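Student: Would you be able to build a 3D model of this:
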Amino acid sequence: MKIAIIGQQDFGKAVLEAFLARGDDVAAVFCAPEKPGARPDALRSAAEARGVKVFQFASLKSDEAKAALRGLAVDLGIMAYVLQFAPQDFVNIPRLGTIQFHPSLLPKYRGPSSINWPIIRGDTRTGLTIFRPTDGLDEGPVILQKATHIAPDDTLGSIYFDRLFPMGVSAMLEAADLVAAGRHHEYPQDEAQATYEGWCRKAEARIHWANHVDCIYNVIRGCNPAPGAWTLAEGKELQIFDARRIPVRTFGAVQGKVGEVVAVTEQSFQITAQGGRIEVLRAKLGDGKKVAAADLIAGGAIRAGQILGA
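Tutor: You can find the predicted model right below:
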């Protein structure tokens with residue numbers, strides 16, 4: 001199979017390596033230009049190391065991008081983590097069209113932070129979709145889907161790196177083979193079930209201690225490792241990463257005010273919320289590095305009686 005890969009970063013690199021490993025002809029890679037001062041894109045670096053042609057167009061809508069893809073005469077386009085808009089007159093150029101990866105069970109969670117939001121909302125199931133890209137955001141017909149369970153203590157990192165990442169690479173190979181063999185079935189997404197969520201960024205990652213402990217814990221794990229759930233500790237930003245939820249029944253009664261550090265040990269500290277506590281195991285204060293909670297406690301940055309969030 002002769003393909004072109006449109007993508008970026010580590011997922012695009014993994015997809016490139018998977019197709020090359022089994023002997024497919026990767027005619028070229030298309031990835032977005034790096035911002036000034038940024039590290040080289042992982043996909044670009046991998047392609048150059050393997051002698052694969054690389055194109056970096058500021059826009060895939062440009063005549064130059066379309067001419068470059070047309071000149072490759074590929075069978076299939078593979079979109080693996082693409083943040084650039086790819087119009088129909090670009091994705092339809094390959095003989096068999098183009099397929100795209102999205103890390104949710106479409107039509108649920110269309111949009112750029114589709115792994116964060118199911119965790120933040122307390123869902124117990126997520127997955128991935130391989131679909132035909134259209135000009136609508138994540139709206140094209142579905143070719144295949146793979147589901148995975150969200151356990152009570154899963155984080156963004158565990159869901160993506162342990163499951164959706166490897167599942168996604170495998171699913172791209174499977175979908176490409178189905179399309180190449182003419183054995184795939186495409187079905188439209190059910191618009192009545194569609195949801196769209198935008199970016200999960202700093203504003204969305206702020207912890208509101210007056211919320212129920214379950215909601216707070218979901219925000220923390222849905223933002224771990226990025227963008228990092230955060231609060232304020234004496235005017236400094238405190239990002240919370242590894243944590244545990246402790247229901248009120250464990251210690252008998254709610255103590256202290258919401259947002260108050262009510263228990264400090266050598267290894268962790270606990271903060272009161274509605275219905276329980278959050279025990280913090282790893283965090284980052286101000287411009288410092290991610291450290292074990294023990295380091296913040298030993299340095300005096302976290303003390304019993306502090307009120308977080310103000």
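Student: C-alpha from now on. contacts and neighbour counts both.
Tutor: OK.
Student: wait, is L232 part of a strand?
Tutor: Yes - assessed with DSSP: H, G, I helix; E, B strand; the rest coil, L232 lies in a strand.
Student: In contact with it, which residues?
Tutor: L232 makes contact with L238, L308, G309, A310 under the criterion C-alpha atoms under 8 Å, 6 or more residues apart in numbering.
Student: Sticking with the third one, tell me its helix or strand.
Tutor: Right, G309. Assigned by DSSP states H and E, G309 belongs to no helix or strand.
Student: Which residue comes closest to it once chain neighbours are left out?
Tutor: Excluding the flanking residues, the one nearest G309 by C-alpha to C-alpha, 6 or more residues apart in numbering is L232, at 4.5 Å.
Student: Next one: the one you found from Q8, what distance?
Tutor: To Q8, L232 is 34 Å away according to C-alpha to C-alpha, to the nearest Å.
Student: For the residue nearest to G309, report the pLDDT, please.
Tutor: In this prediction, L232 carries a pLDDT score of 98.
Student: That one bridge partners, please.
Tutor: E237 (DSSP bridges).
Student: Tell me where the stretch 201-310 of the chain has strands.
Tutor: Ranges of strands in the stretch 201-310 of the chain, per DSSP state E, counting those that start in this stretch, are 229-233, 236-240, 243-247, 261-264, 269-273, 276-280, 282-285, 291-292.
Student: Ok, the stretch 1-150 of the chain next?
Tutor: Here the stretch 1-150 of the chain has its strands, by DSSP E, counting those that start in this stretch, at 2-7, 25-30, 53-55, 76-80, 98-102, 125-131, 142-149.
Student: could these be laid out in CSV, adding mean neighbour count, mean pLDDT and distance to A273?
Tutor: Shown next, in CSV, are the strands of the stretch 1-150 of the chain (neighbours: other C-alpha atoms under 10 Å; pLDDT from 0 to 100; distance: least, C-alpha to C-alpha, whole Å):
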stretch, mean neighbour count, mean pLDDT, distance to A273
strand 2-7, 25, 98, 41
strand 25-30, 22, 98, 47
strand 53-55, 17, 98, 51
strand 76-80, 26, 98, 40
strand 98-102, 25, 98, 35
strand 125-131, 23, 98, 26
strand 142-149, 18, 98, 27
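Student: Output the ones you listed in CSV; the columns should cover distance to E64.
Tutor: CSV is the format used below for the strands of the stretch 1-150 of the chain (distance: least, C-alpha to C-alpha, whole Å):
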stretch, distance to E64
strand 2-7, 15
strand 25-30, 12
strand 53-55, 10
strand 76-80, 17
strand 98-102, 18
strand 125-131, 25
strand 142-149, 29
